[in-house]
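Peer 1: pasting the sequence and the predicted model now:
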Amino acid sequence: MEQKWSFDELEDIQTLMERVRYSHADWIKIYDLYNRVFNTNKPVSSCGKCNIQKLKALKRKYEEEYKKKQGE
């Protein structure tokens, strides 16, 4: 099965991790990638806790993929 996202996209999201505030455009980008990585169809949420969970899930996926790349 071909993945619908790239490691570079995950890397781009990592630059957002250290921010305190996010624009609506940031959340659209985050949710778009989240939906492609985890094969879901979640809409952008105004729930802070939900949003943080999405960021953490993407961070874990990035770390997992980074470790795979290091092992190659």
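Peer 2: Everything's here; your move.

Peer 1: can you tell me the helix or strand for the residue nearest the centre of the chain?
Peer 2: Against the mean C-alpha coordinate of the chain, by C-alpha atoms, centre = their mean, the closest residue is residue 58 at 3.6 Å. According to DSSP states H and E, residue 58 maps onto helix 48-71.

Peer 1: same for that helix, what does it pack against?
Peer 2: Packing contacts for helix 48-71, counted by 3 or more C-beta pairs under 8 Å, 6 or more residues apart in numbering; DSSP states H and E, involve helix 7-14, helix 24-38. Where C-beta positions appear, they are placed from N, C-alpha and C, glycine not excepted.

Peer 1: sorry, back to before: quick one: contacts for the spatially closest residue to the residue nearest to the centre of the chain that is not a sequence neighbour?
Peer 2: Of all residues not flanking residue 58 in the chain, residue 13 sits nearest, at 5.2 Å (C-beta to C-beta, 6 or more residues apart in numbering). Contact analysis of residue 13 by C-beta atoms under 8 Å, 6 or more residues apart in numbering lists 29, 30, 33, 55, 58, 59, 62.

Peer 1: which single one of these is nearest to residue 7?
Peer 2: Closest to residue 7 out of the contacts of residue 13 is residue 62 (8.0 Å), distances taken as C-beta to C-beta.
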